[in-house]
Every structure is written in structure tokens, then in C-alpha cells.
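In: Mind looking at a prediction? Sequence and model below.
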There are 4 protein chains.
Amino acid sequence: MTIAKRAAAEGLGSTLLLAAVVGSGIMAERLSGGNAALALLANAFATGGVLFCLVVAFGPISGAHFNPAVTLCDAWQRGMPWRDVPWYLAAQVGGALAGTAIADLMFGLPAFAPSHHARAGGPLWLGEFVATFGLLAVIWGCVRSKNALVPFAVAAYIVGAYWFTSSTSFANPAVTLARSLTDTFAGIRPADVPAFVVAQFFGALAATALFAWLSPKERSDHVVL
Amino acid sequence: MTIAKRAAAEGLGSTLLLAAVVGSGIMAERLSGGNAALALLANAFATGGVLFCLVVAFGPISGAHFNPAVTLCDAWQRGMPWRDVPWYLAAQVGGALAGTAIADLMFGLPAFAPSHHARAGGPLWLGEFVATFGLLAVIWGCVRSKNALVPFAVAAYIVGAYWFTSSTSFANPAVTLARSLTDTFAGIRPADVPAFVVAQFFGALAATALFAWLSPKERSDHVVL
Amino acid sequence: MTIAKRAAAEGLGSTLLLAAVVGSGIMAERLSGGNAALALLANAFATGGVLFCLVVAFGPISGAHFNPAVTLCDAWQRGMPWRDVPWYLAAQVGGALAGTAIADLMFGLPAFAPSHHARAGGPLWLGEFVATFGLLAVIWGCVRSKNALVPFAVAAYIVGAYWFTSSTSFANPAVTLARSLTDTFAGIRPADVPAFVVAQFFGALAATALFAWLSPKERSDHVVL
Amino acid sequence: MTIAKRAAAEGLGSTLLLAAVVGSGIMAERLSGGNAALALLANAFATGGVLFCLVVAFGPISGAHFNPAVTLCDAWQRGMPWRDVPWYLAAQVGGALAGTAIADLMFGLPAFAPSHHARAGGPLWLGEFVATFGLLAVIWGCVRSKNALVPFAVAAYIVGAYWFTSSTSFANPAVTLARSLTDTFAGIRPADVPAFVVAQFFGALAATALFAWLSPKERSDHVVL
């Protein structure tokens, strides 16, 4: 599989993922009559459902990372060569931005608009650390034991993490950046992005380091979700 | 498996699928006390659950398309012979109409009544394009890699797409036509059907063309959901 | 596996199934503040979740029928010997009654009380016919193609059928009888039971006859959910 | 796999499980505007989703018990050596306490605070007996037939049991203890813990004894969820 096709898969998957995250947030907010629990429930299930089918459909092509934190940790653990990393990251960020624009346009909004949704403070940063730590722990647990249920595990984790972390689990730097450009339910103020991304990388690194001891890499292991 | 049995499976599956889409819409609207988010949540889960079990039950007989866009793209990609296509399309449309009537009758309504639910405009047409593009992308991603999780992927996609597209994801010309004949939650005005169907075919064609490059066909590939 | 153990598995599974159906109905009604959609959503997911795990846990022992309509159709199609049928039916009915009592007692109610919940009329009987037809169609579709996803298919069907049939899909004579003895959310007036059971058997027979043509029996086929 | 790594997996899994149970309870209560059904629905799905992915990720390392009742019954049935049991129990209790603290801190609350949520009385104790009996029945049913669907079965059971038991199904002594130290949605008064734990052990013992007859142990059987 050429790097062009793998990058296209990462980009297309990231596009559809963000369309789902942002689009379902808009729909949920419009229909839920102010009940935030109902809106988050719909947002979580839509995200989980779409993430699941994207992992199933694109995993055999690119590994279905859709997440710079996953790609960088995979390269760090020698699961993929460093020369592929820039292509993956560019496709993930570009796809995420495209997906946000598509979601906004589907609902008659401008393609991009800076979010005014404040998300900051120690408890939320701890939330992002825990969210990304848990995501990478689940991924490494599955990858190291060659567990074929990984699409189910990742989607189930995200549905749960939308609810159990105070930050509603962004857990993905490309997603965080893209969500700063929609002024809707899923948005995050641009100024709040850097701290979220830092917390995400610390969480990803901690889980990766832990699993390097708990369940060491074999030669063939690479992250295919 | 004879074409008679395969067409019967397509017809029966389409009947039960529409009974589920339309019937759960009626139940949801009656019970939800005006909360549209709750109604769409129930409608989405009922549709996803029934679609899943129909794909599992009828996939080995007919491929479980239940969708003219899928059947036509499969024939275009030489997955099934063109001579079978008219039987599939007739069974899908006939089954969808029967399912709508059964749903209405189960709830004490006339079998058929033209819908007054307006669904039109650029954002919704973009929604249908995206919905059908995503559905076919998931299907081709699974079919080309012989992924056995395809029933889960298709159902999870539809649950998500009910929420993330502004059109609530009809993504199926036979379903769209049938839903124009019930004046209930799931309905669509007959006058709004043609534009939806056009958008669906453009989305299906775009995804099929993309995957012809991204993940080319092998001799044995045909769409069995 | 002796008939004693298989009957015990049918009885225990039916007990836990009815505890789930009736118990989650009571909890849902108490917590939902009068919103019937929310109550039915919880009731449907609890039923589907428990049905799934019971099929997985007891399928290898008894086939996990938990349903006289399934057992009788299986015997009719020579999947199980007629001499085992009385034990299965007795265990299913006895277990269902025990489960209803346990549910009521868990919530501080008398073990048995006749229901006052009226469920009757042509649309609801059509609903029960469709519900049981669909259930048996899914079961035969899976059994005849040896599909290992049958626990998922049956549970997903029931979650959907709670919503898309006007009767909320009892689809099981033992369940119907047992639910007549609890005066709670899941109840049905004793006088309404016979018509429901008749509709269920017609639905089961129709689906079984259809699949005898659509996907004929092989020697080894028997209903193991 | 060394006992240190297995105990670490039990501890880390228990941490994330309690973070999910307690954290999603806090989020649900804050967002649901007083609708307890909506809060329990979110709490149940978050718990089920996270339990599923933890079983998938940690099962190959430690068996993914996360539950002293499971570990003790497994040792009783000679599935694991008694010398490993203290490490498992310590990791489960320690992890559960850590997870509760993390959840509270993520939401800006003190790490530990005694709960004021009263949960007592015969119906609730019956609820805990039934909840744990059912959990162990599902586990033994899967383990004894080497059923690979056990992560799905356990998670689906817990989602259902949150709704069908009057106690909302703690079904785990370590979880019960940890939940006594958070004064939030998921809490239980410290004084109510002992009776819950006793009911849980009776339920676990009853199911284990029943399955020793229904589906006897083979040499290789041990509890790997």
C-alpha cells in the first residue's frame, strides 16, 4: 500500500470523523431543547458509531490512527517508519479541518468560525490526560495481544470517555485543533487548544511507556486499529 | 441460490427495514412528548438494530443490499451481473412500500398517505451526498478487505449518520420513495424525493470511484453485507 | 448434555430474562418522571443487553431458546426431538414466572399481581404477528447459514422491535404469560394474553414456513442461539 | 506473565473502571437537569463501554477480573493458585480507590469524601444477590464453553443490570468499597457497604456452585474475561 493511499485513508477517515463529531453536536443541540445530557448522549453515540465503522473500513489501509498522538507513539515504538509520520500528521489535520467545514455547511453555517466555548482549568486538563492515557492503554493492550476486537474497544472507550472525563475526552490533537474552528456544541476556544494538546501528549506518553514494560513489543507489532 | 430466492430476500429485508424505520418513528413521536432528540435517538437505535440483524440474516442469501444505490454500484464494479439488477431494484422498492404500509397499519393509520414533512435545500442535499458517500465508503472499505465486521459497520454508520447529517441520512433511494408515502415522523414530501435521490447517487458514485483507486477490486469481490 | 441440565439452563435463562424485562420496566417507570420514551429506551436496552449475555452463556448448553414458539418451530423442523419439548416448555414457563416474582420482590412489590395494562386490538395483534415473524426470520436466517453472530442479531432485533411494533414486541408466549402477573410497566392484562399468543404463533409459523423454502434445512441444523 | 504485571493490570483496570463509574455519574448528574433516568442511562452506557474495552485490553494479561468476588470464586474452582489471590485483591481495592479519587479530582471535588447516599433494605440486598449471581452465571457460562464473546457478554450484562436490579448492580466488593468514598451520584453510605458485600458473596457462591453442576470444569478452565 503506497504512502499516498495510506495518507488518503487517514485524511478521508479524519474528515468523516470530524463531520460526525461536529455535525452530531449541532444536531443534538438543536433537537435536545436545552437538555445537555441528551445532547451529549447523542453526540457520544454518533461519534462512537462513526469511529467504529471508520476503523473497520480504513484499518486495513492505513491503520486507522486518525490521531497524531497515536501516530507519534507508534513511530516512537518503531511500529511505523518516521519518514511516513509527516504525511500522516498532515492528512489528519487537513482531514479534520475539512470535516469541520463539511459539518458546518451541512447545517447552513459558515465553514469556519472561531469557537467561544471555554474549556480550561486543572480539572479539565487532568481530564484530557486521563482520556488520552486510557485511549492509548486500550490501544496498546489490543495491539500487543493482537486482539481483533480493537475497533469495538476503541469506539466503546470513546463513548465512555465522553461521559467520565470532565473535558468530554477530546484525546486527539488534530480533533482539538479542528474543533476550535466551529462555534457550535463541540467547539473549544482557540486559546484553550494548546493546554489540551499538551495534556493529551503527556497522557499518551505515559500509557505508551507503561505498556512498554507491561506488555513489551514484538517485532511485528504496529498500530492497526 | 436462485434469483427468485435472492429477490425474495431483498424484498423481505426491505419490508422489515422500512417497518422498522417508519414504525419506530411513529412510536418515538407518540412517546417522546415533543422532545425531538429523544425521538431521533429511539428512531436511530431501532433502525440500526434492525438493519444489523437483517444484514446478518439475509446477507448469505442475497448480499443484503436493500438499497438501489448499492446494487447499481455493485453491478458497475462487476460484482453482480446486470441481468439481476432489475429484480433487485423491483424487490427493494416493492418491499420498502410494503414495509411502510405495515408500519402504518400496526399503529392504526391508513396504509399510505403522502407526507407533508418538508426536507429540501442546499444544506440537506449536501447532507444526503455526505450520508451516501460515507455509507458506500464504509461498504467498499469492508468488502475490499473481506472484513467480517461489515454488519456491525453498516449499522453503526447509520446510527451515527442519523445524527451527524442535516438530512438525518436517508442514503437509500428505495427508502426515500417509501418514506414519501407515510405522513409520520419519518416522512418526506413527495416533491422533495427527486433531489434527495440525485444527491444520493452522486454520493454513491463518488465513493465508489474513490475506492476503485484506493482499494482496487479483486476478481472475487462483490457486495455481501 | 442431559435433558435435566438443558431444562435447567432454559429455566434459569428464562428467569433472568424476565427479571430483566420486568425489573428494568419498574426502574424505568420510577426514574423517568413520566417520559414514556425514556422509559421504553431503558427497558429496551436492558432487555437487549441481558438477552444477549444469556444467549452467549446458555446457548452452548440448551440452545438458549427461552421461548416456546422457538422450541416448537425447532421441533417441527426436526431440529430437536419432540420428547424434549415438554421439558423445555415447562422450564420456560416456570422460569418466566420465577423471574417476574424476583423482579417484583427486588422492588418491594408483591411477587405476583394481575396486570391492569390493556393491550388489545387489531393494530397490536398485527404488531405481535410482525414481531414474532421478524424474530423467527432472523433466527432461521442465522441458523441456516451457521452464522456465529446470532446472539448479536437476536438482541439487536429485540431492541429494535420494542420500538417499531405497536405492541412493543412481546414475541414470546412464556414471556407474555409471565408479564400478565406483574402490575407494572411491562404488564399485560390476563384477558389480553390469549390473542397475543395466537398472533405470536401465526407469526412464528409463517416465518418458519417461508424459510423452509428460502433456505432449506440441512441435516445438522438446529436452533442454537 | 509475572504476578507483578498481572497485579498491575488488575490495579490499572480497576482504576479506570472506577474513574468511569464515578466520573460518568458526576457528569450525568450535572447535565441531566434532575432526570434520574437520563443520568442512569448515561452512567450505564459509560460503565459498559469502559468495562468492555478494559476486558479486551487487560484480559490477555491478568484475566481482567477487577472484582474480588470473581477472583475468589476462580481460586475456589482451582482456576488460579491461592498464592496469587492476595495480590489480586490488593490491586483491585487499591486501584478502585485510586480511580474514585481521580474521578472526583477531574470534576474539581476533593479526592475522597464519605457518601451520604443511603442504599439499604431487603429489596436492595436481594438486588445485589441477583446482580452478582447473574454476573457470575454469565462469566461461568462463557468460561466453561470457551466463548470468545465474553467481553461483550459481561459489558452487556452490566448495562442491563444497572437497570433491572433495585440496587443498580454494584456486584463487586472492591467497587462497593470505593464508591463509599465519593459523595456523588454513584456513592453508597459507608455503613451500607457490609450488607452489600455479603449479598454479593452469597450471589457469587450460588452461581459458582450451580455451574459446577451445570457445566463442570475442565482442567484448563480459568477466568479470563
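Out: On my side now, so go ahead.

In: Quick check, central residue of chain A?
Out: residue A:172 (4.1 Å; CA atoms, centre = their mean).

In: correct me, but that residue touches residue A:72?
Out: No: using CB atoms under 8 Å, residue A:172 is not in contact with residue A:72, being 11.7 Å away. In this view, the C-beta of every residue, glycine as well, is placed from N, C-alpha and C.

In: rewinding a little: and the residue nearest to the centre of chain A, what is it in contact with?
Out: By CB atoms under 8 Å, 6 or more residues apart in numbering or on different chains, the contact list for residue A:172 reads A:66, A:67, A:68, A:69, A:132, A:200.

In: just these now: which is nearest chain B?
Out: Of all these, chain B sits closest to residue A:66, with 13.5 Å by CB to the nearest CB.

In: how many neighbours does that closest one have?
Out: By the criterion of other CB atoms under 10 Å in any protein chain shown, residue A:66 has 32 neighbours.

In: Let me know the secondary structure of the residue located most distally from the centre of chain A.
Out: For chain A, the residue at maximal distance from the C-alpha centroid (CA atoms, centre = their mean) is residue A:33, at 27.5 Å. Classification of residue A:33 using DSSP: H, G, I helix; E, B strand; the rest coil returns coil.

In: How much space separates it from chain D?
Out: 10 Å (CB to the nearest CB, to the nearest Å).

In: In contact with that residue, which residues?
Out: B:35, B:36, B:37.

In: Can you give me the distance of it to residue D:28?
Out: Distance of residue A:33 to residue D:28, given as CB to CB, to the nearest Å: 18 Å.

In: Could you do residue A:11 as well?
Out: 35 Å.

In: So between those two, which is more surrounded?
Out: Counting neighbours by other CB under 10 Å for residue A:11 and for residue D:28 shows that residue D:28 has the greater number, 28 against 23.

In: and that one, what pLDDT?
Out: At residue D:28, the pLDDT value in this model is 98.

In: Next, the residue in chain A positioned nearest to chain C: secondary structure please.
Out: Residue nearest to chain C within chain A: residue A:38 (9.2 Å; CB to the nearest CB). Assigned by three-state DSSP, the conformation of residue A:38 is helix.

In: Near it, how many other residues are there?
Out: 27.

In: residue contacts, it?
Out: Contacts of residue A:38 (CB under 8 Å, 6+ apart): A:28, A:32, B:35, B:37, B:38, B:41, D:38.

In: Could you do residue A:30 as well?
Out: If a contact means CB under 8 Å, 6+ apart, then residue A:30 has residue A:107 as its contacts.

In: Could you report the separation of residue A:57 from residue B:157?
Out: For residue A:57, the distance to residue B:157 equals 9 Å [CB to CB].

In: With residue A:91 instead?
Out: Taken as CB to CB, the span from residue A:91 to residue B:157 is 21 Å.

In: Residue A:36 too?
Out: 26 Å.

In: Just want to know which of those two has more residues nearby.
Out: For residue A:36 versus residue B:157, neighbours defined as other CB under 10 Å are more numerous around residue B:157 (29 against 18).

In: So, low pLDDT: which residues of chain A?
Out: A:219-220 (pLDDT under 70).

In: what ranges do the helices span in chain A?
Out: Assigned by DSSP state H, chain A shows helices spanning A:3-31, A:36-62, A:68-76, A:85-106, A:122-144, A:150-164, A:173-179, A:193-214.

In: list the helices and strands the third one packs on?
Out: Meaning helix A:68-76. Helices and strands touching helix A:68-76, as assessed by 3 or more CB pairs under 8 Å, 6 or more residues apart in numbering or on different chains; DSSP states H and E, comprise helix A:85-106, helix A:122-144, helix A:173-179, helix A:193-214.

In: Of those helices, which is nearest chain D?
Out: helix A:122-144 (2.6 Å).

In: quick one: buried residues of that closest one?
Out: By neighbour count with 16 or more other CB atoms under 10 Å in any protein chain shown, helix A:122-144 contains the buried residues A:123-144.

In: hmm, who's touching stretch A:154-161?
Out: Contacts of stretch A:154-161 (CB under 8 Å, 6+ apart): A:44-45, A:47-49, A:51-52, A:55, A:131, A:134-135, A:138-139, A:142, A:169, A:171, A:225, B:156, D:20, D:24, D:45-50, D:52-53, D:155.

In: gap between that stretch and the chain center?
Out: Centroid separation for stretch A:154-161 versus its chain: 11 Å, with CA atoms, centre = their mean, to the nearest Å.

In: With only the CA atoms kept, save that stretch in CSV.
Out: C-alpha atoms of stretch A:154-161 as CSV (Å, rounded to 0.1, in the frame of the first residue of the first chain):
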residue,chain,number,x,y,z
VAL,A,154,-11.7,2.0,20.7
ALA,A,155,-15.3,3.0,20.0
ALA,A,156,-16.6,1.8,23.3
TYR,A,157,-13.8,3.6,25.1
ILE,A,158,-14.7,6.9,23.4
VAL,A,159,-18.4,6.6,24.2
GLY,A,160,-17.5,6.0,27.8
ALA,A,161,-14.8,8.7,27.9
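
In: How much space separates residue A:139 from residue A:202?
Out: Taken as CB to CB, the span from residue A:139 to residue A:202 is 16 Å.

In: Report the separation between the two terminal residues of stretch A:165-173.
Out: 16 Å (CA to CA, to the nearest Å).

In: Surely residue A:150 is in contact with residue A:139?
Out: Yes: counting by CB under 8 Å, residue A:150 touches residue A:139, with 7.2 Å between them.
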